[in-house]
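Asker: Prediction below, plus the sequence it came from.
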Amino acid sequence: MDKYEFCEGGIYYDINEDEESLTVISCIHEEGPQEIEIPSRIKWYCKDYIVRIIGTKAISDYENLTSLTIPETVKKIRDDAFKGCKGLKTISIPSSVTKIDGNVFEKCNEIESIKVDCFNPYFDSRGNCNAIIETSTNKLITGCKNTIIPDSVTTIGNRAFMDCTGLTSISIPDSVDSIEGFAFCGCKGLTSINIPNSVTSIGHLAFSSCENLTSISIPDGVESIEVGTFWGCSNLTSVTIPNSVKYIKYSAFALCFKLKSINIPYGVTEIEDETFICCDELTSISIPDSVTSIGNLAFASCLKLTSITIPNSVTSIGIAAFDNSALESIIIPESVSCIKKRAFDGCDRLKNIKIPNGVETIERLTFYYCLDLKSVVIPESVAAIKEQAFLQCTSLEVILCFAINPPTLEEDVFLDVPLKAVKLFVPWEAVEEYKAAEGWKEFGAIIPMP
């Protein structure tokens with residue numbers, strides 16, 4: 001708890017800089033159902049003070065709080081002031097309040113009614129909508145499970161419905177053009193939502209952890225699916241992405257365990273880090289030839305993704321991009337010049353791999369634990385193979401290495417590979433160099449290419 005000046009009636013106060021007013025900074029949490037009536041004025045050491053501010057997290061996580069009265073003297077309610085007060089059912093904002101720092105009632109899951117005094121010039125609950133709306137901007141900043149979004153609202157604000165677990169459905173009117181970050185994050189009861197075509201912006205983590213959301217159609221006009229927008233939507237099975245989308249950001253669909261297929265529209269240039277990580281049911285994905293890079297862990301732990309077509313536009317495959325996926329086959333186009341470490345780590349069903357000419361280094365643990373890998377084609381461009389690149393590739397039978405000069409091998413490149421049983425094909429003029437080269441000389445059969 002922050003430094004405080006005094007405690008009165010179980011509420012802690014700090015004296016503000018004007019030395020005339022108070023900020024509520026904390027309260028004593030009592031057992032059993034509790035009611036708090038914040039006083040408008042307090043006398044302390046023979047001086048009268050007016051309560052003007054309810055501070056950051058002042059009455060947060062008070063789960064036994066069932067009733068709250070905010071006095072007409074309060075002007076500011078700061079961030080997370082009442083966060084986690086799960087017993088609260090009604091909210092009344094007095095006419096005196098001029099500033100509210102976003103959704104100050106986040107995780108107050110049982111709220112059924114929200115009302116702003118009709119004489120408040122800054123905020124309103126127009127049409128008995130059960131929400132707090134910033135009047136000048138028409139932004140809805142706080143909603144609840146009974147909110148009806150008025151058709152004059154243009155923005156659903158940051159964290160407006162965050163962790164509102166009682167929300168099962170909601171209608172977004174055509175007046176809305178923006179859904180800000182975390183707006184519906186953690187709405188675990190939400191099963192469906194229709195986003196109108198008027199919406200052109202959806203913020204980061206806007207629908208993350210909506211565990212029972214099964215389908216979503218992103219409106220035409222949205223250009224970017226932001227960071228973690230649908231992260232943890234564990235029952236999401238289908239997504240419609242319009243051609244207007246040019247960016248799919250970090251972790252946008254991470255942990256969407258039941259997502260089966262997805263079409264990435266032309267114009268997207270990068271599949272960013274962890275975009276589809278742990279999409280357990282993903283079996284089909286269409287990557288357009290506008291994409292130039294596949295990010296770190298982009299398809300890691302996609303347990304049913306058995307094949308994927310990488311277009312000729314891609315030049316880079318990121319760290320652990322396909323780690324622990326179900327890939328059985330993959331064609332890496334000649335356009336790829338960089339394959340980062342652990343790219344295919346744990347792809348224990350992958351049978352054959354051809355590394356494109358242009359790759360100069362096979363990085364550390366690139367094909368670690370590819371237990372079914374039987375053949376590898378190494379191009380002329382490869383000059384070095386890093387530590388444990390083919391560790392535990394125990395089924396390896398054939399390597400075709402086109403490099404005239406034997407690539408430098410770091411420690412344990414072929415650890416646990418039965419080298420005496422593996423056939424190594426090399427350029428005929430380089431056979432003797434391979435037979436003398438450290439690491440390569442351990443192969444049982446070094447054979448000149450025809």
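Answerer: Thanks, I have it.
Asker: how much space is there between the residue of the chain most remote from its centre and residue 226?
Answerer: Distance from the centre of the chain peaks at residue 46, with 53.8 Å (CA atoms, centre = their mean). Distance, residue 46 to residue 226, by CB to CB, to the nearest Å: 55 Å. No exception for glycine: its C-beta is placed from N, CA and C like everyone else's.
Asker: what do you get for residue 263?
Answerer: Counting by CB to CB - residue 263 and residue 226 are separated by 19 Å.
Asker: higher neighbour count, these two?
Answerer: residue 226 (20 against 14; other CB atoms under 10 Å).
Asker: So the more buried one sits against residue 252, correct?
Answerer: Yes: judged on CB atoms under 8 Å, residue 226 makes contact with residue 252 at a distance of 7.2 Å.
Asker: between the two, what contacts are shared?
Answerer: Taking CB atoms under 8 Å, 6 or more residues apart in numbering as the contact rule, residue 226 and residue 252 touch no residue in common.
Asker: Mind telling me what element residue 163 is part of?
Answerer: In the assignment (DSSP states H and E), residue 163 maps to no helix and no strand.
Asker: what does residue 372 give?
Answerer: Going by DSSP H and E, residue 372 is not in any helix or strand.
Asker: how near is the residue nearest the centre of the chain to residue 422?
Answerer: Against the mean C-alpha coordinate of the chain, by CA atoms, centre = their mean, the closest residue is residue 228 at 2.4 Å. Separation of residue 228 from residue 422 (CB to CB) stands at 44 Å.
Asker: How about residue 106?
Answerer: As judged by CB to CB, residue 106 and residue 422 stand 59 Å apart.
Asker: For the two, indicate the residue with more neighbours.
Answerer: More neighbours surround residue 106 than the other of residue 106 and residue 422, with 25 against 22 (other CB under 10 Å).
Asker: for the more buried one, what are its contacts?
Answerer: 80, 83-84, 159, 162-163.
Asker: so which of those residues is the most crowded?
Answerer: Going by other CB under 10 Å, residue 159 tops the contacts of residue 106 with 29 neighbours.
Asker: what's near enough to touch that one?
Answerer: 102-103, 106, 181-183, 185.
Asker: try residue 27
Answerer: 10-12, 36, 58-59, 62.
Asker: which stretches of the stretch 301-450 of the chain form helices?
Answerer: Along the stretch 301-450 of the chain, counting by DSSP state H, counting those that start in this stretch, helices occupy 431-436.
Asker: ok so, going back, between the contacts of residue 106, which sits nearest residue 98?
Answerer: When the contacts of residue 106 are compared for distance to residue 98 (CB to CB), residue 80 wins out at 18.6 Å.
Asker: For residue 304, see how far away the closest one is.
Answerer: Separation of residue 80 from residue 304 (CB to CB): 40 Å.
Asker: for residue 92, same thing?
Answerer: Counting by CB to CB - residue 92 and residue 304 are separated by 51 Å.
Asker: just residue 74 next, same as before
Answerer: On the measure of CB to CB, residue 74 and residue 304 end up 55 Å apart.
Asker: Please say which of those two ends up with more neighbours.
Answerer: Comparing residue 74 with residue 304 by other CB under 10 Å, the one with more neighbours is residue 74, at 21 against 13.
Asker: Do you know the pLDDT at the more buried one?
Answerer: pLDDT, residue 74: 98.
Asker: That one contacts residue 54, doesn't it?
Answerer: Yes: look at residue 74 against residue 54 with CB under 8 Å: they come within range, at 6.1 Å.
Asker: which neighbours do these two share?
Answerer: Common contacts of residue 74 and residue 54, defined by CB under 8 Å, 6+ apart, comprise residue 38.
Asker: quick one: residue 253 is in a helix?
Answerer: No: in this structure, residue 253 is coil, not part of a helix, as judged by DSSP: H, G, I helix; E, B strand; the rest coil.
Asker: helix or strand for residue 23, which one?
Answerer: Assigned by DSSP H and E, residue 23 falls in strand 21-27.
Asker: what residues does whatever helix or strand comes next after that strand touch?
Answerer: Remark: after strand 21-27, the chain's next helix or strand is strand 34-37, criterion DSSP H and E. Here strand 34-37 makes contact (CB under 8 Å, 6+ apart) with 10-11, 27, 59, 62, 64-69.
Asker: quick one: buried residues of the helix or strand just after strand 34-37?
Answerer: The helix or strand immediately downstream of strand 34-37 is strand 41-44, counting by DSSP H and E. For strand 41-44, the neighbour count (16 or more other CB atoms under 10 Å) marks residue 42 as buried.
Asker: before we move on, the earlier item: same list (the contacts of residue 106) but as JSON lines, adding pLDDT and distance to residue 407.
Answerer: Output for these, formatted as JSON lines (pLDDT from 0 to 100; distance: CB to CB, whole Å):
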{"residue": "80", "pLDDT": "96", "distance to residue 407": "56"}
{"residue": "83", "pLDDT": "95", "distance to residue 407": "57"}
{"residue": "84", "pLDDT": "95", "distance to residue 407": "58"}
{"residue": "159", "pLDDT": "96", "distance to residue 407": "53"}
{"residue": "162", "pLDDT": "96", "distance to residue 407": "52"}
{"residue": "163", "pLDDT": "94", "distance to residue 407": "53"}
